[in-house]
Structure formats: structure tokens, C-alpha cells
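[1] attaching a predicted model along with its sequence, questions to come.
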Amino acid sequence: MYRAIHISPMIPSFDIKETVLFFHNLLDFKILMDQKTYAILSRDNSTIHILPAGSVIGEMEFYIEVDDIEQIWENIKNKSNGLNLKKPFDREYGMREIHIIIPHTKTLLFIGQKNKLIYTDN
């Protein structure tokens, strides 16, 4: 049986440069490769691939689970001017989340952490 190491979403973008800057400047992802038509970014054990969007782009969502959502919020709240986002809030399924529409895409980014007041591991 194989073991999945991590998921690398491939996000179509109308402006690759701006989408790369979103992940790099707001969420501190490291730029591994940045070409005009393709980019790869990483943070910890996660990678994100950015590629050109076609004339019709579908909607996409992906989830990044983190260990300290409040620290992330403190880091991004003053950098988020003009972004469509929801500040941290608790979900009924035991997660505390931030939601952000990634610029120049139809992609919803969920950043979440297990809510210690609600979520229990059994």
C-alpha cells in the first residue's frame, strides 16, 4: 500500500504573477519555480502549482490544515486589503477557518485548524 505524502493543487490563474505574489507575500510560501506560464510554491510539506487559466475557468476549492490559525491571521490581516476573505470563525464540524478568494482565480482557499473546544480525536 502506498502512502500519500501531500496534495498539490494545480490552480488555474488569469494572472500567474499576481497569484504567485498572493501566496508568497500573504502566506509566506517559498517560490520554487516562477516562469511566465507555470509556477510552483511551497510551505512546510505542501506545494501549490499555478498554471494559466483557459478562457473559461471552473471553480476550485482547497484546504490547508494548519497548527496555529490565529498566528496566520495575525500575519495576514494587515496584508489583506482588497481581498475577499472571512476572518477566523468556528465551524460546526470542529474546525476554525479563514476563507479567502485567491486573486485572479475562481478558487476558494480554506485555511483551518482543529478547534480544541469542539474537535476531539477518538
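    Okay, I see it.
[2] who does residue 42 form a beta bridge with?
    Beta bridges link residue 42 to residue 30, residue 47, judged by DSSP bridges.
[3] just give the number of residues close to the residue nearest to residue 106 when sequence neighbours are not counted.
    Once flanking residues are discounted, residue 106 sits nearest to residue 59: 4.5 Å by CB to CB, 6 or more residues apart in numbering. Heads up, the C-betas are built off the backbone N, CA and C, glycines and all. Here the number of neighbours of residue 59 (other CB atoms under 10 Å) works out to 8.
[4] wait, isn't residue 59 in contact with residue 101?
    No. Residue 59 lies out of contact with residue 101 (CB atoms under 8 Å); the separation is 10.2 Å.
[5] mind listing the shared neighbours of the two?
    Residues touching both residue 59 and residue 101 by CB atoms under 8 Å, 6 or more residues apart in numbering: 107, 108.
[6] and residue 49, that one's in a strand?
    Yes. Counting by DSSP: H, G, I helix; E, B strand; the rest coil, residue 49 is located in a strand.
[7] roughly how far does residue 48 sit from residue 81?
    Noted for residue 48: a distance of 22 Å to residue 81, by CB to CB, to the nearest Å.
[8] higher neighbour count, those two?
    More neighbours surround residue 48 than the other of residue 48 and residue 81, with 24 against 6 (other CB under 10 Å).
[9] skipping adjacent residues, who's closest to the more buried one in space?
    Per CB to CB, 6+ apart, closest to residue 48 is residue 41, 4.9 Å.
[10] how about the contacts made by the one you found?
    Residue 41 touches 20, 23, 24, 29, 30, 31, 32, 47, 48, 50, counting by CB under 8 Å, 6+ apart.
[11] same question for residue 62.
    Counting by CB under 8 Å, 6+ apart, residue 62 has contacts 7, 9, 11, 107, 109, 110.
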